[in-house]
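**Q** no sequence on this one, just coordinates:
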């Protein structure tokens, strides 16, 4: 087991990562001040519950914790105010008070929703992230929690740091292959924004990652979490540096929404990262950035092209809610080189539109 | 104009209180870092809008601010997740970004709701409280914002401090007399928990307060805000001292809910404070506490008895969601003397029930 720390003063917390570590969960909870018999509410989803809810529940009960569980429907649609309302009802009926703790057992949707329940129930109670997907190595670190609005993703939320991230990689075994690939897009992103050597490593080890080779996976997720932890440690509330984590996300979020979430998050940001590389090249950056980005993502069996049935003007309209468009220009995170990005404040919207259109012909 | 500071380190903010100060609003906004042309969303309710929305809007536009306005239905029912959803839509359609500011123009309902919109929109934007009721001298200070759940009041919320509280007392002139009385209950509370001399002053000046005498009102609200600011400054997130602000609120919240909000907040806590005084006497405190509390509240023309049609067992059930009841005991804020309270951790639930029942016969 490896342990990292997200360094945020009195809100600092550990990230434990390892294969076969699930039995250590009660011990690690106690280490971060959540000793038995603290009442726990375990929130998970219908995809994760059949595999892991019972073992986790028994483990926690066995250690003396009173446990309530709630299973939400799997999928982005659960990140809603309606589901917040429902989970608050569950929490109230279970008698959760301000000292109780919520355990988010699942991927990004569960983490974001359960985290926002924790952020707002009784004006904030503690929570712990127990990620069960590769994608969640990103979303579980950094305290960004939220639900969606019909008009925009993640628009209702909070910065609410977990007490601990507990990443038992044996739970990744049951992930569908498409979810594995989608998750690796955020791993790739952490390399592309921060660490050229890691990009090279990912390309060389893509097959192992896709096959969920334990050692490769542990290294990749440790490295990814460590990039995230460093960025978040320097800019908790996204006033500056943290924006670099949005590489590929402006186009990606719009594609997710316009595809009605048929594109998974990682798939959408994969395409978005190719788009960012293309924009960078238009600004005069080395075309090798674009080639390397694309080669890496294809090695990870991720899409690099916008599906042809998607309407470019709808993508552009959707982006307007996400980003500030002013005088025909907007802000983007663009690669300067592999492993390094910059915030570019005067990207012509016309270029973005052309790039989205070009991305349809990408192969 | 008098100015107080709520001292919370980098989250400190001023409270400006005075008669006829509304024209100074743009200047005071600029002083706290909200210069024109910061986009503003003014949220108010259907009771306040006819009197003050237009003047406030014109004032702000005149000073160069782009202003969007939204009028919610007046009343507690607006503190809902549905209204949050609606206001987020308004904010998105108005193009509000993370640098925009929400102005809560109204009483406690507007402040709590608009404050929670500000706390959660884009994971938190700035907001300013412009209270228009006496009650809001309490709720606008301290950063507690929330909406209600069907099962419990204020259960979904945040601690989100405003940038400023701007209290133009000339706006109180249009308050219905019942709202004036209700608001004075929180003024009385601030005396009862903190300042025996102020309790005496309130009793002697009750007629002036009920008549909205400008000088008496300014003194009372300045003193009330100052008690609140001192308590909040010592315990921002209600880990200890801040609980004393809940004098009368355990019984009060339950009465509000069971009466389906026919009892106004101040009316309910007035009855609750009489209940707390009765409990204190059962614990051996001087009966003069009960007599003084009751005399003060009656001078302020507030109810001191539980309406006879209210079902005591429903009140008790409702209280369960609000407070921890364990082994037949619960926690209460009880007066030790006039101007001083204590947290009592072993109040027999049976005593609470007897007191609620006795309160029906109070005269």
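**A** Great, that's in hand. Just so it is clear, the model here is predicted, and its values are computed rather than measured.
**Q** in chain A, which helix or strand is least confident?
**A** strand A:325-326 (a mean of 72; mean pLDDT, DSSP states H and E).
**Q** Neighbouring strands - and their directions - for that one?
**A** Each strand paired with strand A:325-326, and its direction, by DSSP bridges: strand A:329-337 (antiparallel).
**Q** what's next to the helix or strand just after the partner strand, contact-wise?
**A** The element immediately downstream of strand A:329-337 (helix or strand, assigned by DSSP states H and E) is strand A:340-348. If you take Cβ atoms under 8 Å, 6 or more residues apart in numbering or on different chains as the criterion, strand A:340-348 is touched by A:192-194, A:196, A:243-244, A:247, A:279, A:283, A:328-336. In short, each C-beta sits where N, CA and C put it, glycine included.
**Q** Buried subset of the residues you listed, written for PyMOL?
**A** Per 16 or more other Cβ atoms under 10 Å in any protein chain shown, the buried members of these correspond to this PyMOL selection:
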select buried, chain A and resi 192+193+194+243+244+247+279+329+330+331+332+333+334+335
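**Q** Check the residue lying closest to residue A:169 once chain neighbours are set aside and give its pLDDT.
**A** With sequence-adjacent residues excluded and distances taken as Cβ to Cβ, 6 or more residues apart in numbering or on different chains, residue A:169 is closest to residue A:19, at 4.8 Å. Residue A:19 carries a pLDDT value of 96.
**Q** Got phi/psi on residue A:19?
**A** phi -90, psi 130 (degrees, to the nearest 10).
**Q** Would you check that it makes contact with residue A:214?
**A** Yes. Counting by Cβ atoms under 8 Å, residue A:214 is a contact partner of residue A:19 at 4.9 Å.
**Q** Quick check: neighbours shared by the two?
**A** With Cβ under 8 Å, 6+ apart, residue A:19 and residue A:214 have common neighbours residue A:169.
**Q** avg pLDDT for stretch A:269-280?
**A** pLDDT averaged over stretch A:269-280 gives 98.
**Q** Quick one: the strands in chain A, in order.
**A** A:2-6, A:13-18, A:40-45, A:67-72, A:101-106, A:126-131, A:144-149, A:152-159, A:164-168, A:325-326, A:329-337, A:340-348 (DSSP state E).
**Q** Can you add distance to residue B:259 and give those strands back as a markdown table?
**A** Below are the strands of chain A laid out as a markdown table (distance: least, Cβ to Cβ, whole Å):
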| stretch | distance to residue B:259 |
| --- | --- |
| strand A:2-6 | 47 |
| strand A:13-18 | 43 |
| strand A:40-45 | 31 |
| strand A:67-72 | 31 |
| strand A:101-106 | 32 |
| strand A:126-131 | 34 |
| strand A:144-149 | 32 |
| strand A:152-159 | 31 |
| strand A:164-168 | 43 |
| strand A:325-326 | 50 |
| strand A:329-337 | 51 |
| strand A:340-348 | 54 |
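**Q** lowest-confidence stretch among these?
**A** Among these, strand A:325-326 scores lowest, at a mean of 72.
**Q** how far out from the middle of the chain is it?
**A** On the basis of Cα atoms, centre = their mean, to the nearest Å, strand A:325-326 sits 27 Å off its chain's mean C-alpha point.
**Q** can you list the residues that contact it?
**A** Under Cβ under 8 Å, 6+ apart, the answer for strand A:325-326 is A:319, A:349.
**Q** In chain A, which residue is most central in space?
**A** residue A:139 (2.9 Å; Cα atoms, centre = their mean).
**Q** how about the residues of chain A that lie near chain B?
**A** Counting by Cβ under 8 Å from any Cβ of the partner chain, the positions of chain A adjacent to chain B are A:81-82, A:84-85, A:88-89, A:92-93, A:97, A:119-124, A:144, A:146, A:149-152, A:155-159, A:237-238, A:321, A:324.
**Q** Make a ChimeraX selection of the buried ones in those.
**A** Buried members of the residues of chain A next to chain B can be picked out in ChimeraX with the line below, counting by 16+ other Cβ under 10 Å:
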select /A:81,84,85,88,89,92,119,120,121,122,123,124,144,146,149,152,155,156,157,158,159,238,321
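**Q** and residue B:9, which of the strands of chain A is closest to it?
**A** strand A:152-159 (17.1 Å; Cβ to Cβ).
**Q** what angle separates the closest one from strand A:144-149?
**A** 140 degrees (axes from the mean of the first three to the mean of the last three Cα atoms, to 10 degrees).
**Q** what packs against strand A:152-159?
**A** helix A:108-120, strand A:144-149, helix A:249-258, helix A:312-322, helix B:81-93, helix B:108-120 (3 or more Cβ pairs under 8 Å, 6 or more residues apart in numbering or on different chains; DSSP states H and E).
**Q** And the contacts of that strand?
**A** With Cβ under 8 Å, 6+ apart, strand A:152-159 has contacts from A:79, A:81, A:112, A:115-116, A:119-120, A:143-149, A:236-237, A:253, A:256-257, A:321-322, B:84, B:88, B:92, B:119-124, B:158.
**Q** and if you look at stretch A:211-231?
**A** Outside stretch A:211-231, the residues touching it (Cβ under 8 Å, 6+ apart) are A:2, A:4-7, A:15, A:17-19, A:134, A:137-138, A:141-142, A:165, A:167, A:169, A:172-173, A:175, A:180, A:184, A:186-187, A:190-191, A:193-195, A:198, A:201-202, A:205, A:208-209, A:241-242, A:244-245.
**Q** Among those residues, name the ones in helices.
**A** A:137-138, A:180, A:184, A:186-187, A:190-191, A:193-194, A:198, A:201-202, A:208-209 (DSSP state H).
**Q** Out of the residues you listed, the closest to residue B:36 would be?
**A** The shortest approach to residue B:36 among the ones in helices among the contacts of stretch A:211-231 belongs to residue A:193, at 36.4 Å (Cβ to Cβ).
**Q** And residue A:202, how far from chain B?
**A** 30 Å (Cβ to the nearest Cβ, to the nearest Å).
**Q** Is that residue in contact with residue A:297, as I believe?
**A** No. With contacts counted by Cβ under 8 Å, residue A:202 stays clear of residue A:297, the gap being 9.9 Å.
**Q** what do those two both touch?
**A** residue A:188.
**Q** Between those two, which is the more surrounded one?
**A** More crowded of residue A:202 and residue A:297, by other Cβ atoms under 10 Å in any protein chain shown: residue A:297, with 30 against 27.
**Q** Identify the residue nearest that one in space, chain neighbours excluded?
**A** In space, residue A:297 is closest to residue A:270, 4.9 Å off (Cβ to Cβ, 6+ apart).
**Q** Also residue A:123?
**A** In space, residue A:123 is closest to residue B:157, 4.6 Å off (Cβ to Cβ, 6+ apart).
**Q** if we can go back for a sec, comparing the helices and strands packed on strand A:152-159, which yields the minimum mean pLDDT?
**A** helix A:312-322 (a mean of 87).
**Q** Show me which residues of stretch A:68-79 are buried.
**A** A:68, A:69, A:70, A:71, A:72, A:74, A:76, A:78, A:79.
**Q** Name the member of those with the shortest distance to chain B.
**A** If you rank those by distance to chain B using Cβ to the nearest Cβ, residue A:79 comes first, at 13.1 Å.
**Q** Do I have it right that that closest one meets residue A:145?
**A** No. With contact defined as Cβ under 8 Å, residue A:79 does not count as touching residue A:145 (9.8 Å).
**Q** Overlap in contacts, those two.
**A** With contacts defined as Cβ under 8 Å, 6+ apart, the residues shared by residue A:79 and residue A:145 are A:112, A:113.
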